[in-house]
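**Student:** Here is my input; please provide its structure:
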Amino acid sequence: ESLKAYHAFVRQAMQQSYHHFAFAGHQLKADRNFVLEAVKQNGLALHYASDECKADCSIVLEAVQQHGLALQCVCSELKADSSVVFVAITNNGLALQHVSDEFK
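**Tutor:** Prediction:
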């Protein structure tokens, strides 16, 4: 029950600013479902997610679809994934600066 309350508290704080996710515990930052919900609100929340979540293609696609510049937080393998790069650049052309060198 206290875990649900903690999730609700962090969720509410993130409605004010995705930066509040920085103060969440590691377990929450690694919770795939919570991170997916967070990046749907603001793709830049991916910045504070665990490395495992930053390497999860479905989470990353949601993040860059919501905010193309979330590409800067993505693992190097997905910065080289053409579908991820396409979605990010379509959302925000400035994401081009964060793509893998093979696209430059």
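**Student:** Only C-alpha atoms from now on, for both contacts and neighbour counts.
**Tutor:** Fine.
**Student:** just checking, what packs against the longest helix that the chain contains?
**Tutor:** Ranked by residue count and defined by DSSP state H, the top helix of the chain is helix 2-16. The helices and strands touching helix 2-16, judged by 3 or more C-alpha pairs under 8 Å, 6 or more residues apart in numbering; DSSP states H and E, are helix 32-41.
**Student:** ok and the helix it packs on relative to helix 2-16, angle-wise?
**Tutor:** Helix 32-41 and helix 2-16 meet at an angle of 20 degrees, taking axes from the mean of the first three to the mean of the last three C-alpha atoms, to 10 degrees as the criterion.
**Student:** Quick check: buried residues in helix 32-41?
**Tutor:** Residues of helix 32-41 classed as buried by neighbour count (16 or more other C-alpha atoms under 10 Å): 32, 34-41.
**Student:** can I get the CA coordinates of it in PDB?
**Tutor:** Extracted in PDB, the C-alpha atoms of helix 32-41 (Å, rounded to 0.1, in the frame of the first residue of the first chain):
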ATOM      1  CA  ARG A  32       9.300  -0.300 -16.800                       C
ATOM      2  CA  ASN A  33       5.600   0.600 -16.500                       C
ATOM      3  CA  PHE A  34       6.200   3.700 -14.400                       C
ATOM      4  CA  VAL A  35       9.000   5.000 -16.700                       C
ATOM      5  CA  LEU A  36       6.700   4.300 -19.700                       C
ATOM      6  CA  GLU A  37       4.000   6.400 -18.100                       C
ATOM      7  CA  ALA A  38       6.500   9.100 -17.200                       C
ATOM      8  CA  VAL A  39       7.900   9.500 -20.800                       C
ATOM      9  CA  LYS A  40       4.400   9.600 -22.200                       C
ATOM     10  CA  GLN A  41       3.900  12.800 -20.100                       C
END
